[in-house]
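Engineer: Fold the following.
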Amino acid sequence: MMNKRTTSSTWMRGVANTLSAQGLDVVTLFAQSGLRIEDLDDCDFRWPTEGISKLWTLAVERSGNADIGLFNPHAPRPDHYGLVGYAMMSSRDLETGLARMIRYLCLVSDAVTLTLDPEAGGKWTRVELLGGERPIPRQRYDYVILTLLTFCRWMLGRPLRPLVAAFRHPLPSSLAAYDDAFGAPLRFDAPFYGLLLSREDLASKLPTAAPELADLHDRMAEQALRSLEKAGVSHRARQAVARRLLDGAPLRSTIAAELNMSDHTFQRRLTSEGTSFAKLVDETRRELVQQHLADTRLSSSEIAYLLGYADQSTFFRATHRWFGESPGEYRARVTAGQRTAAR
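Structural biologist: The predicted model follows:
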């Protein structure tokens with residue numbers, strides 16, 4: 001399941017152009033990451049998330065630049081989002097545009113989840129990337145969050161200053177690139193990656209708003225989603241489940257409604273794909289646990305909280321069932337393997 005997480009060629013062309021602009025040999029980088037750069041020409045090709053993380057890791061090593069994901073921070077990148085970008089641009093205001101991104105995000109990538117969570121003074125735009133056992137390099141997160149912010153600025157046609165820019169990784173040795181890119185108070189060692197946007201900014205009208213085009217783009221995006229769903233509705237469902245785990249395991253009817261299906265249709269589609277809702281929730285949690293335990297910055301109690309477990313003992317029982325070992329034992333084994341592979 002983990003290796004089925006994918007990202008669109010539209011997004012990956014932007015990544016390739018960004019790395020190339022910094023003087024890197026992208027043909028070699030792609031090949032060494034197990035990726036074929038020729039596939040960028042195929043607009044329907046989907047790129048495996050593990051390979052993308054490896055690509056960013058190699059790019060950091062080859063460039064020697066820990067801030068490579070923040071390159072050219074004021075250049076808007078609307079082309080990264082394809083049809084989803086057009087749907088956002090035609091929205092009446094920024095919040096509606098972000099809601100459309102959340103709705104259609106798997107057209108860009110089903111290896112990322114995006115949520116809008118209320119906070120005093122505004123809403124957190126929270127980002128979570130899914131990469132399997134390989135730790136996701138912070139540069140990949142930097143790039144995703146900055147690209148989202150610059151696109152929002154471009155749609156508004158004016159500067160957009162987040163109330164806070166949050167990063168799960170530790171404080172870097174230099175803040176210059178982050179200060180230049182985000183122009184906002186920075187928070188490191190945060191429990192998640194994201195941007196806190198003010199109510200005023202979220203309510204700002206978009207100069208590109210076009211109600212008649214918004215309806216057209218919605219129909220096109222829904223059709224594209226239906227085409228993507230033929231490969232499996234469970235991918236979209238896992239994404240929806242991952243967004244809601246902080247509040248505990250979601251109800252099947254809640255996820256069905258989010259996917260614009262009746263509960264009966266949703267259950268039938270999952271059955272036809274050889275799975276069930278309970279199994280899907282369990283597999284989603286397992287995937288996220290593998291990712292979080294491979295990242296030593298989060299404690300077991302923090303991981304249990306993020307994934308909606310009522311208590312530590314329930315979380316420990318789940319890891320024993322999945323891996324035959326405790327969270328600490330699993331983490332020690334995986335990190336030892338990563339150190340060996342890095343030599």
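Engineer: Give me the contacts around stretch 95-109.
Structural biologist: By CB atoms under 8 Å, 6 or more residues apart in numbering, the list of residues contacting stretch 95-109 from outside reads 5-8, 10-11, 49, 80-84, 87-89, 91, 112-116, 123, 125, 152, 155, 202-203, 206, 218, 221, 224-225, 228, 235-236, 239. Yep, even glycine has a C-beta here, placed from its N, CA and C like the rest.
Engineer: and L114, what is it in contact with?
Structural biologist: Shown here is L114, whose contacts under the criterion CB under 8 Å, 6+ apart are 98, 101-102, 105, 125-128, 243.
Engineer: 6 Å instead?
Structural biologist: Taking CB atoms under 6 Å, 6 or more residues apart in numbering, we find L114 in contact with 102, 105, 127.
Engineer: any idea how this protein splits into domains?
Structural biologist: Structural domains assigned to the chain are 68-202, 232-342, following automatic domain parsing.
Engineer: Can you redo those domains as CSV, where the extra columns are distance to S33?
Structural biologist: What follows is these, written out as CSV (distance: least, CB to CB, whole Å):
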stretch, distance to S33
domain 68-202, 11
domain 232-342, 14
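Engineer: T28 is nearest to which of those domains?
Structural biologist: In terms of CB to CB, the element of the domains of the chain nearest to T28 is domain 68-202, at 15.8 Å.
Engineer: pLDDT on the closest one, on average?
Structural biologist: Averaged across domain 68-202, the pLDDT comes to 93.
Engineer: what's the answer for stretch 32-47, then?
Structural biologist: For stretch 32-47, mean pLDDT is 90.
Engineer: which outside residues touch it?
Structural biologist: For stretch 32-47, the surrounding residues in contact (CB under 6 Å, 6+ apart) are 6-7, 9, 12-13, 27, 30, 51, 54-55, 58.
Engineer: The stretch 101-250 of the chain: strands as residue ranges?
Structural biologist: Chain-ordered strands for the stretch 101-250 of the chain, with DSSP state E, counting those that start in this stretch as the definition, fall at 112-119, 122-129, 164-166, 186-187, 193-198.
Engineer: Which of those strands sits closest to S63?
Structural biologist: Closest approach to S63 among these (CB to CB): strand 122-129, 20.4 Å.
Engineer: hang on, the earlier thing: okay, the domains of the chain, which one's buried deepest?
Structural biologist: The highest mean neighbour count among these belongs to domain 68-202 (a mean of 19), with neighbours defined as mean count of other CB atoms under 10 Å.
Engineer: gap between that one and the chain center?
Structural biologist: Domain 68-202 sits 10 Å away from the centroid of its parent chain (CA atoms, centre = their mean, to the nearest Å).
Engineer: Over to stretch 299-316?
Structural biologist: Once both centres are worked out by CA atoms, centre = their mean, stretch 299-316 turns out to sit 21 Å from its chain's centre.
Engineer: can you give me the mean pLDDT across that stretch?
Structural biologist: Per-residue pLDDT over stretch 299-316 has a mean of 90.
Engineer: Same question for stretch 9-19.
Structural biologist: 95.
Engineer: For that stretch, which residues meet the burial criterion?
Structural biologist: For stretch 9-19, burial by neighbour count (16 or more other CB atoms under 10 Å) applies to 9-16, 18-19.
Engineer: Out of these, name the ones that lie in helices.
Structural biologist: Of the buried residues of stretch 9-19, the ones assigned to helices by DSSP state H are 9-16, 18-19.
Engineer: Can I get the contacts of L114 in JSON lines including distance to S174?
Structural biologist: As requested, the contacts of L114 are exported to JSON lines (distance: CB to CB, whole Å):
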{"residue": "I102", "distance to S174": "33"}
{"residue": "L105", "distance to S174": "32"}
{"residue": "V127", "distance to S174": "23"}
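Engineer: Tell me the one among these nearest to T296.
Structural biologist: V127 (20.4 Å).
Engineer: For the closest one, name its beta-bridge partners.
Structural biologist: Beta bridges link V127 to L114, Y193, judged by DSSP bridges.
Engineer: who's in contact with it?
Structural biologist: Counting by CB under 6 Å, 6+ apart, V127 makes contact with 114, 144-145, 193-194.
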